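Enquirer: next come a sequence and a model predicted from it.
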Amino acid sequence: MTEASAYGREYQKPEPFPRELAVLIVKKACRMAERFENQAIDQMTRDARRALQRGTDPSAIVRQLDL
């Protein structure tokens, strides 16, 4: 006897996720995370420099950037 889903089709066991594909996805995610981290560092540095040039106290910048 076969099991049927709610839609009347036979239940099919999901195929295992290909390991090679999983590794490629993880590598891509790591590259994306590194790029995002670098962009965030650059942006925060630019913002802090501008604030310092305007005469903002460094302790205020620390609070504003939640450092």
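Expert: Received the coordinates, thanks. Numbering: from 1, shown residues only.

Enquirer: only C-alpha atoms for contact and neighbour calcs from this point on.
Expert: Fine.

Enquirer: so where's the chain uncertain?
Expert: Across the chain, the ranges flagged by pLDDT under 70 are 1-6.

Enquirer: tell me which element the residue most central in space within it is part of?
Expert: Taking CA atoms, centre = their mean as the criterion, A33 is the residue nearest the geometric centre of the chain, at 5.4 Å. Mapping A33 onto the secondary structure by DSSP states H and E places it in helix 19-53.

Enquirer: and that helix, what other elements does it pack with?
Expert: Taking 3 or more CA pairs under 8 Å, 6 or more residues apart in numbering; DSSP states H and E as the contact definition, the neighbouring helices and strands of helix 19-53 are helix 58-64.

Enquirer: only the C-alpha atoms, please, for the helix it packs on, written as PDB.
Expert: Included here for helix 58-64 are C-alpha records, laid out as PDB according to Å, rounded to 0.1, in the frame of the first residue of the first chain:
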ATOM      1  CA  PRO A  58      34.300  60.700  20.000                       C
ATOM      2  CA  SER A  59      32.300  59.400  22.900                       C
ATOM      3  CA  ALA A  60      29.100  60.600  21.200                       C
ATOM      4  CA  ILE A  61      30.100  58.800  18.000                       C
ATOM      5  CA  VAL A  62      30.700  55.600  20.000                       C
ATOM      6  CA  ARG A  63      27.100  55.900  21.300                       C
ATOM      7  CA  GLN A  64      25.600  56.800  18.000                       C
END
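
Enquirer: so which other helices or strands are in contact with that helix?
Expert: Checking 3+ CA pairs under 8 Å, 6+ apart, helix 58-64 ends up next to helix 19-53.

Enquirer: hang on, isn't L52 packed against A60?
Expert: No. Counting by CA atoms under 8 Å, A60 is not a contact partner of L52; they are 9.9 Å apart.

Enquirer: and R19, how close does it get to R9?
Expert: Counting by CA to CA, to the nearest Å, the gap between R19 and R9 amounts to 28 Å.

Enquirer: now do E15
Expert: 17 Å.

Enquirer: check V26 too.
Expert: Spatial separation of V26 from R9 under the definition CA to CA is 34 Å.

Enquirer: same check, this time on P16
Expert: From P16 over to R9 the distance is 20 Å, taken as CA to CA.

Enquirer: before I go, just wanted to say thanks for your time.
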